[in-house]
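Student: heads up, no residue letters with this:
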């Protein structure tokens, strides 16, 4: 569903991404690990079209993506570290607004079902987001991704700042999305959660993907050792 082929990004003399080859298949959760500046966020920003590559190709659903392509908007949803929604609107109102921006017009019952599917408690549906925790905001963000029928979900540090209970709820939700056929690329510093949630794990260093590991074939302890050796 999502592919980078020899993807590079250079800022003047600094190479932020160096000939990245990466594939995220349907129903897969691919976690990217690496220090700050390793290239994780650059990779996500290139896939989103926030920045343009210096060289290389991006493919979505086997289609090469140009700077003006509308394919990103149709297929991709983005969950940043801090989900930026309208604090003066309720969860239902935010979901309704962003669904309509994506071209969908759902009934109130359908909007409620999307929020229920993401585990947002019913008594929060009609409350303004200004009082929501980070975990609650994430659930609304994921409900928006489901409502717009995004096939690919990109996430940047989604578990940063979450308590253990919220992290576990988020992990179960990501696994559920993958089981439903969504393709998920997640940049994270959370080694233990990566082993728990991922199908494949990549370790980046200085703009390069230096290791790719199947999550089922490594323990969190061994991954931590490999990560520390790598960086």
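Tutor: Everything's here; your move. Nothing here was measured: the structure is a model prediction, and the numbers come from that model. Residues are numbered from 1 along each chain as shown.
Student: wait, a strand at residue 145?
Tutor: No - looking at residue 145 with DSSP: H, G, I helix; E, B strand; the rest coil, it is helix, so not inside a strand.
Student: correct me, but it touches residue 95?
Tutor: No - with contacts counted by C-beta atoms under 8 Å, residue 145 stays clear of residue 95, the gap being 10.5 Å. Backbone N, C-alpha and C define where each C-beta goes, glycine included.
Student: just give the number of residues close to residue 152.
Tutor: Neighbour count for residue 152, taken as other C-beta atoms under 10 Å: 21.
Student: correction: the previous question concerned residue 88.
Tutor: 9.
Student: show me the contacts for the nearest residue to it once chain neighbours are set aside.
Tutor: In this structure, residue 88 finds its nearest non-sequential neighbour in residue 128, 6.0 Å apart by C-beta to C-beta, 6 or more residues apart in numbering. Each residue near residue 128 by C-beta atoms under 8 Å, 6 or more residues apart in numbering is listed here: 87-90.
Student: then residue 179?
Tutor: residue 27.
Student: quick one on the thing from earlier: bridged to the residue nearest to residue 88, which residues?
Tutor: Going by DSSP bridges, residue 128 is paired in beta bridges with residue 90.
Student: what's the spacing between it and residue 103?
Tutor: 26 Å (C-beta to C-beta, to the nearest Å).
Student: then residue 133?
Tutor: Relative to residue 103, and taking C-beta to C-beta, residue 133 is found at 30 Å.
Student: of these two, which one has the most company?
Tutor: Counted by other C-beta under 10 Å, residue 133 and residue 103 do not tie: residue 133 has more neighbours, with 13 against 10.
Student: in the lowest-mean-pLDDT helix or strand in the chain, which residues are buried?
Tutor: Counting by mean pLDDT, DSSP states H and E, the chain has its least confident helix or strand at helix 71-75, which shows a mean of 80. In terms of neighbour count (16 or more other C-beta atoms under 10 Å), helix 71-75 has its buried residues at 71, 75.
Student: ok so, going back, need the max-distance pair from the contacts of residue 128.
Tutor: Based on C-beta to C-beta, the longest span within the contacts of residue 128 runs between 87 and 90 and measures 10.2 Å.
Student: mutual contacts of the two, please.
Tutor: 128-129.
Student: who has more neighbours out of those two?
Tutor: Between residue 87 and residue 90, counting by other C-beta under 10 Å, residue 90 is the more crowded of the two (17 against 12).
Student: that one and residue 155: what is the separation?
Tutor: 24 Å.
Student: ditto for residue 178
Tutor: 12 Å.
Student: with neighbour numbers in mind, choose between those two.
Tutor: residue 155 (26 against 19).
Student: wait, a strand at the more buried one?
Tutor: Yes - judged by three-state DSSP, residue 155 forms part of a strand.
Student: which SSE is residue 172 in?
Tutor: Per DSSP states H and E: residue 172 is located in helix 164-179.
Student: now do the buried residues in that helix.
Tutor: 166-167, 169-171, 173-175, 177-178.
Student: same check, this time on stretch 212-222
Tutor: For stretch 212-222, burial by neighbour count (16+ other C-beta under 10 Å) applies to 213, 215, 218.
Student: is the first one in a helix, a strand, or coil?
Tutor: When the structure is split into helix, strand and coil by three-state DSSP, residue 213 lands in strand.
Student: where's it relative to residue 203, distance?
Tutor: Applying C-beta to C-beta to residue 213 and residue 203 gives a distance of 8 Å.
Student: could you do residue 108 as well?
Tutor: For residue 108, the distance to residue 203 equals 45 Å [C-beta to C-beta].
Student: cool, residue 210 as well?
Tutor: From residue 210 to residue 203 the distance is 6 Å (C-beta to C-beta).
Student: thanks again, I'm all set now.
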